[in-house]
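Asks: Give me a 3D structure for the following:
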Amino acid sequence: MNLSDLSYVLHPLQAAIRDGFVRVNEGVPSKPGLALRPGDVVACRLPPLPSLEASPEDIPLDVVYEDDHLLVINKAAGMVIHPAPGNYTGTLVSALLHRFGLPSVRLSADDSPGDELEAAESEDGDEERAVPWALPETPMSVGQSGDVIRPGIVHRLDKGTTGLMVAAKDERTLTGLAAQFKAHTVQRVYHAIVLGVPKEAEGVIETNIGRDIRDRKKMGVFSYMGRHAVSGYRVIEPLAGDSAAYTAWRLQTGRTHQIRVTNDHRWTSVESHPLLGDDTYGGAGGTAVAAIGRGKGARQVVAHRVLKLLARPALHAKTLGFVHPVTKEALSFTSELPTDFATVLEELRNLD
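Replies: Got it, this is the predicted structure:
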């Protein structure tokens, strides 16, 4: 065993070793790969995480609905929700700060919306916030005590996922929306393209989802740990000669990567249907080319073309419905499929 073996558990460990925050037998190890011996005493003090700043940015938003209390947007692919390592700019938070004329604000590491991923997809997830954040009623400037990013976001979408999201403008609306997400009364329907065709045309999948014990950038399905997840699905139509399927998903819970990891998980001992284009969970690269191409040159050309065109998981938040916390009006919104998703769908429909 050596110290670097623990890096999958605690991502900053190797950097901490290099920076002198780890000591072995009261001395600083010469390298992260120092071999440990029986009786060695290891002391570790991790450096404080840096604070993250969000500044207003003039980022166009596709606003589907807006009133004095909330707004609903149609999120584009590639946008992350709030700043995190690897994604400091171009976030939804920055776009909202600009839209509402608010100054830059700072989020300390301790205030960050927990369970984040330390990768290019650091915002990713569709998990409702246990502690929701609202836009500050009194804007604060960077550097003031108590600065905190409060963007009114009660749920998230993955960086690569497109579709509908709601954000609150005030505490009353925020509290009301958060209560609906917690009670699972918010109507959410997602459309996805998966590899293969599920044997059952529709069904409900119940499982537990938690952080992958080998790779914390991913989620995993467990029988003995994690959080309960319930996902209802329906096959809208088979595609590409049954090598893929256009599906609809209705979530009863909101877990990080819920649809993505559920499809990667083997539904039975022989069945698995990762999302097309999802490199993290096995739906891209050679797996997708093999599933769609079937060893035939013309089909393989199509497979490569749709993967290049999509370049993300084929997942779209199609429908969002909730009761307005202030007016008590039942609101329901539906968004069109984005161009890349719709084009890939047609390509696969035309592939026998």
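
Asks: which intervals of the chain have sub-threshold pLDDT?
Replies: Regions of the chain meeting the criterion pLDDT under 70 cover residues 1-13, 46-51, 107-151, 215-216, 263-271.

Asks: how about it, which residue sits the furthest from its center?
Replies: Distance from the C-alpha centroid of the chain peaks at Gly39, with 42.5 Å (CA atoms, centre = their mean).

Asks: wait, doesn't Leu92 sit right on Gly152?
Replies: No: taking contacts as CB atoms under 8 Å, Leu92 lies outside contact range of Gly152: 10.0 Å. Every residue, glycine included, has its C-beta placed from N, CA and C.

Asks: what is in contact with these two at once?
Replies: Jointly contacting Leu92 and Gly152 under the rule CB atoms under 8 Å, 6 or more residues apart in numbering are Ala167.

Asks: Give me the contacts around stretch 62-71.
Replies: 72-76, 152, 164, 166-170, 172-173, 177, 324-327, 331, 333, 335.

Asks: of the residues you listed, buried ones?
Replies: Neighbour counting with 16 or more other CB atoms under 10 Å marks 72-75, 152, 164, 166-170, 173, 177, 324-325, 331, 333, 335 as buried within those.

Asks: Please flag which of the residues you listed sit within helices.
Replies: Among the buried ones among the contacts of stretch 62-71, the residues falling in helices (DSSP state H) are 173, 177.

Asks: can you tell me which of the buried ones among the contacts of stretch 62-71 are in strands?
Replies: Per DSSP state E, strands hold the following members of the buried ones among the contacts of stretch 62-71: 72-75, 164, 166-168, 331, 333.

Asks: ok, those residues vs Arg227, which is closest?
Replies: Arg227 has its nearest neighbour among those in Val166, at 22.0 Å by CB to CB.

Asks: wait, that closest one sits on Val154?
Replies: Yes: with contact defined as CB under 8 Å, Val166 reaches Val154; the gap is 7.1 Å.

Asks: Spit out the residues that contact the two alike.
Replies: What both Val166 and Val154 touch, as defined by CB under 8 Å, 6+ apart, is the set Leu177.

Asks: doesn't Ser243 make contact with Asp352?
Replies: No: when contacts are counted by CB under 8 Å, Asp352 is not listed as touching Ser243 (10.2 Å).

Asks: quick one: which of these two has more around it?
Replies: Ser243 (20 against 6; other CB atoms under 10 Å).

Asks: Return the distance of the residue farthest from the centre of the chain relative to Ser30.
Replies: 19 Å (CB to CB, to the nearest Å).

Asks: just Ser94 next, same as before
Replies: Applying CB to CB to Ser94 and Ser30 gives a distance of 42 Å.

Asks: So the two - more neighbours on which side?
Replies: Shown here are Ser94 and Ser30; by other CB under 10 Å, Ser94 has more neighbours (26 against 9).
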